[in-house]
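# Sequence below, structure please.
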Amino acid sequence: MANQSVGLHVEDSGGTGRPVVLIHGWPLSGKAWEHQVPALSAAGFRVITYDRRGFGASEKPDSGFDYSTLANDLADVIAAKGLDDVTLVGFSMGGGEVARYVAEHGDSKLHSVVFAAAVPPYMMKTPDNPEGPLTEDKAKEMEAGIKADRAAFFEQFTKDFFSANGELKVSEEERQKAIALCHQSDQTAALGCMEAFGTTDFRDDLRAVSVPALIIHGDADGIVPLEGSGARTHAAIPSSELVVVPGAPHGFNVSHAEDFNRHLIAFLRK
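All right, here's what the predicted structure looks like:
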């Protein structure tokens, strides 16, 4: 799909440090990085967050939720901000934008990339992707759930998002913040992006990654399991570094923010 430029809500910490672009997960917004922005800024980096089209405070178009268009949006942010030598940090769904950006836009603007609890290489379980962690039945169940009752869906989703082995790993206040961000998502965007992250095959995209890459994942991630995603991405990028955070759920940038930030900053300083 050709890119249809949309108004994206972008926040920029400013400064002269090397730029880091944080790409949020589904169905949240750039506000989901509130535990990372101050830490990265304090470490000397220029931090840019943006809300994906259809989410947060960005424009809510009725199309453009395929990954090539979303990667074009990311390229637009990089161009508009005049960024160079940038690190892209993609959380969950955002890891797909990182992979597709590298494959379709190259790495001339990049210093490194980070896949955090990210969906590549390919979520959907298919005959040629038997290790895919998402079954077609589960994908249909999620789609039906959000269509039937958004509030009930987000209530359960945020519990799963922040839980490890059945135990919630964040405060109720943190979970309620996440629910509020979920409700800012447009329904068309939520459904379109759900289909995109579930069904997009990034295996070829990952072969294009030649800059330094960090894969960071919790070993108790029940949304995007380590074995079917992060571990396979690490294997697909031979030069990549894998950091596994013990006992961490999917939303570990919140639940395990201190560990997450420490590992991320150590990588960014390389």
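# Tell me who's in contact with the residue lying closest to residue 267 once chain neighbours are set aside.
In space, and not counting its chain neighbours, residue 267 is closest to residue 214: 4.4 Å by C-beta to C-beta, 6 or more residues apart in numbering. From N, CA and C alone the C-beta is placed, and that goes for glycine too. Residues near residue 214 by C-beta atoms under 8 Å, 6 or more residues apart in numbering: 112-115, 240-241, 243, 263-264, 267.
# and residue 214, what pLDDT?
On pLDDT, residue 214 comes in at 98.
# Whichever helix or strand it is part of pairs with which strands, parallel or anti?
Assigned by DSSP states H and E, residue 214 belongs to strand 213-218. Sheet partners assigned to strand 213-218 using DSSP bridges are listed as strand 110-116 (parallel), strand 241-245 (parallel).
# Pick the most deeply packed of those.
Most buried of these by mean neighbour count (mean count of other C-beta atoms under 10 Å) is strand 110-116; its value is a mean of 25.
# For that strand, the averaged confidence score.
Strand 110-116 shows a mean pLDDT of 98.
# shaky segments in the stretch 1-150 of the chain?
1-4 (pLDDT under 70).
# residue boundaries of the strands in it?
With DSSP state E, counting those that start in this stretch as the criterion, the stretch 1-150 of the chain has strands at 10-12, 19-23, 46-50, 86-91, 110-116.
# Dump those to TSV, plus distance to residue 80.
Putting the strands of the stretch 1-150 of the chain into TSV (distance: least, C-beta to C-beta, whole Å) gives the following:
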stretch	distance to residue 80
strand 10-12	8
strand 19-23	12
strand 46-50	10
strand 86-91	13
strand 110-116	17
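# Quick one: neighbours of residue 174, just the number.
Neighbourhood size, residue 174 [other C-beta atoms under 10 Å]: 19.
# residue contacts, the closest residue in space to it that isn't next to it in sequence?
Nearest residue to residue 174 in three dimensions, chain neighbours excluded: residue 254, at 5.7 Å (C-beta to C-beta, 6+ apart). With contact set as C-beta under 8 Å, 6+ apart, residue 254 has these partners: 32, 35, 162, 170, 174, 178.
# who wins for neighbours among the residues you listed?
Tallying neighbours with other C-beta under 10 Å puts residue 32 at the head of the contacts of residue 254, with 25 neighbours.
# Verify the stated contact: that residue with residue 91.
Yes: between residue 32 and residue 91 a contact is recorded at 7.4 Å, counting by C-beta atoms under 8 Å.
# Give me the common contacts of these two.
Common contact partners of residue 32 and residue 91 (C-beta under 8 Å, 6+ apart): 24-25, 253.
# Present those as JSON lines; the columns should include neighbour count and distance to residue 186.
As requested, the shared contacts of residue 32 and residue 91 are exported to JSON lines (neighbours: other C-beta atoms under 10 Å; distance: C-beta to C-beta, whole Å):
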{"residue": "24", "neighbour count": "26", "distance to residue 186": "15"}
{"residue": "25", "neighbour count": "30", "distance to residue 186": "16"}
{"residue": "253", "neighbour count": "28", "distance to residue 186": "23"}
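# Now flag whichever of the residues you listed is closest to residue 203.
Nearest to residue 203 among the shared contacts of residue 32 and residue 91, counting by C-beta to C-beta, is residue 25 at 20.7 Å.
# How much space separates the closest one from residue 127?
Here the criterion is C-beta to C-beta, to the nearest Å. By it, residue 25 lies 28 Å from residue 127.
# ok, now residue 17?
Distance from residue 17 to residue 127, counting by C-beta to C-beta: 47 Å.
# How about residue 234?
Residue 234 is 24 Å from residue 127, where distance means C-beta to C-beta.
# which one of those two has more residues nearby?
Set side by side, residue 234 and residue 127 show more neighbours around residue 234, with 21 against 5, by other C-beta under 10 Å.
# what mean pLDDT does the helix or strand harbouring the more buried one have?
Residue 234 is part of helix 230-236, with elements assigned from DSSP H and E. Helix 230-236 shows an average pLDDT of 98 in the prediction.
# hey, C-alpha coordinates of it in PDB?
Backbone C-alpha positions of helix 230-236 (Å, rounded to 0.1, in the frame of the first residue of the first chain) are rendered in PDB as follows:
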ATOM      1  CA  GLY A 230      12.900 -13.400  20.700                       C
ATOM      2  CA  ALA A 231      14.900 -16.600  20.700                       C
ATOM      3  CA  ARG A 232      14.200 -17.200  17.000                       C
ATOM      4  CA  THR A 233      15.000 -13.500  16.100                       C
ATOM      5  CA  HIS A 234      18.300 -13.900  17.900                       C
ATOM      6  CA  ALA A 235      19.000 -17.100  15.800                       C
ATOM      7  CA  ALA A 236      18.000 -15.200  12.600                       C
END
